[in-house]
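**Q** Sequence below, structure please.
(2 chains)
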Amino acid sequence: MANDTQPDDVVTLWQAQGSEGFRMSTEDIRKRLETVNRKVRKRTNDGYLVCAVLIVFFTGWMFVGMGSLQKVGAILTIIGVSYLVWQLRQSRFRGAATGQSGDTASLDHLRTELARQRDFHRGSTFWRRMLIFVPGPLVFFAGFAQAHPEVVRTIRYETIAFVVLAIAAIPLNLWMARRYQRQIDALSRLQEEH
Amino acid sequence: MSQDVLYQEAAGVYGAALERLAGSYEADRDKRLDLLQDIHLAIWRSFEAFAGHCSMRTWVYRVAHNVAATHVIRHRRARSRPLVSLDEADDLPAGSDSEGAFGLQQSIERLREFIQQLNPLERQVILLYLEGTDAAGIAEITGISPGNVATKIHRIKKILAGRFNTISKGERHGQ
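**A** Purely as a prediction, here's the structure:
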């Protein structure tokens, strides 16, 4: 019986699917809420832990007889990591504030999600991240090379690799931002009448 | 009405549709259950702010699809194939058994697999169409202009007729 299916038949088929009768009691919802909150807390705490380890590591370096240039590098890196902690806290509060609402049409919700991802890859958020993270390790490398001339060759390669990666991050992030922007533009076109 | 009462009413009326929705956004069984629970939780939470400016149906579908769309966006890196629009849907493989008749369950599975390859907004339009929502309702829920919704529905009908043309008559009438 090929080639004579009507779309309405598919609609009927679709709605005739068996249901497992999934429901959640108030108690189930409370438990789920706890699970979700626990997951969010764990993810944030993992982020804090990584930052804490880095801060302790670079602070420790400052007490083992480093030169002044190395100390400046370590301080800049600590500032960068602290900024990351601050961003982590901000995104946590923002995440809690932007809950799901039936007042938001799907298209607007999608656009907000995409804009959030786009802004991570461009604009002040991105450049601030670059400015805060790149100078610290560079100064630290320079200070290390100054204090240990015997390993200057290795440090030079590490510095070149770091600079190449930092420079490559710029077009890559801007390309990602453009990709998100194209998707946002496509969504906006869907709101316009022909 | 209290948040709990509104939620229980919504779960009773739209529970089956929400299960179908979760099944169309997530293929993995465990993740699907997770998604379904997240949707129910979001609906319960959202009713705290429900003021009746739109129908419960619009409200529930908006919240459910928004949660599911976020799920798709966050898990996009785990997918092997990129998501496509309805205009690109013709390029998707039709499946090995497209020339023969197949059972109800297989038809549903094929349809679900097809939907899972669409991008979130197109997926939402086709799901709302399959749930029997009219063009005005789809436009209200999604925010897409009525003209664009009409174009998409036309395209969906064409795709459904073209890709799912081997369902036997008995199955079509739910026997």
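
**Q** Which pLDDT value belongs to residue B:10?
**A** pLDDT, residue B:10: 94.

**Q** Report how many residues lie close to the nearest residue to it once chain neighbours are set aside.
**A** Leaving out its chain neighbours, the residue that sits closest to residue B:10 by Cβ to Cβ, 6 or more residues apart in numbering or on different chains is residue B:60, at 5.0 Å. Bear in mind the C-beta positions are built from the backbone N, C-alpha and C, glycine included. By the criterion of other Cβ atoms under 10 Å in any protein chain shown, residue B:60 has 27 neighbours.

**Q** Could you do residue B:132 as well?
**A** Neighbour tally, residue B:132, other Cβ under 10 Å: 13.

**Q** shouldn't residue B:68 be in contact with residue B:23?
**A** No - with contact defined as Cβ atoms under 8 Å, residue B:68 and residue B:23 do not form a contacting pair (10.5 Å).

**Q** Show me which of the two is the more surrounded one.
**A** Comparing residue B:68 with residue B:23 by other Cβ under 10 Å, the one with more neighbours is residue B:68, at 26 against 19.

**Q** Low-confidence stretches in chain A?
**A** A:1-7, A:65, A:91-100, A:193-194 (pLDDT under 70).

**Q** The spatially most central residue of it: what's it in contact with?
**A** Using Cα atoms, centre = their mean, the residue of chain A that lies closest to the mean C-alpha position is residue A:120, 6.9 Å off. The neighbours of residue A:120, taking Cβ atoms under 8 Å, 6 or more residues apart in numbering or on different chains as the test, are residue A:126.

**Q** so how far is the longest helix anywhere in chain A off the chain centroid?
**A** Criterion DSSP state H: the longest helix present in chain A is helix A:152-191. Averaged C-alpha coordinates place helix A:152-191 at 13 Å from its chain's average position (Cα atoms, centre = their mean, to the nearest Å).

**Q** close to chain B, is that helix?
**A** Yes - judged by Cβ under 8 Å from any Cβ of the partner chain, helix A:152-191 comes into contact with chain B at A:187, A:190, A:191.

**Q** Need those residues in a markdown table (columns: neighbour count).
**A** A markdown table is the format used below for the residues of helix A:152-191 next to chain B (neighbours: other Cβ atoms under 10 Å in any protein chain shown):
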| residue | neighbour count |
| --- | --- |
| A:187 | 19 |
| A:190 | 19 |
| A:191 | 16 |
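
**Q** give me the element the most centrally placed residue in chain B is part of.
**A** Centroid-nearest residue in chain B: residue B:127, 3.1 Å away (criterion: Cα atoms, centre = their mean). Residue B:127 belongs to helix B:120-130 when assigned by DSSP states H and E.
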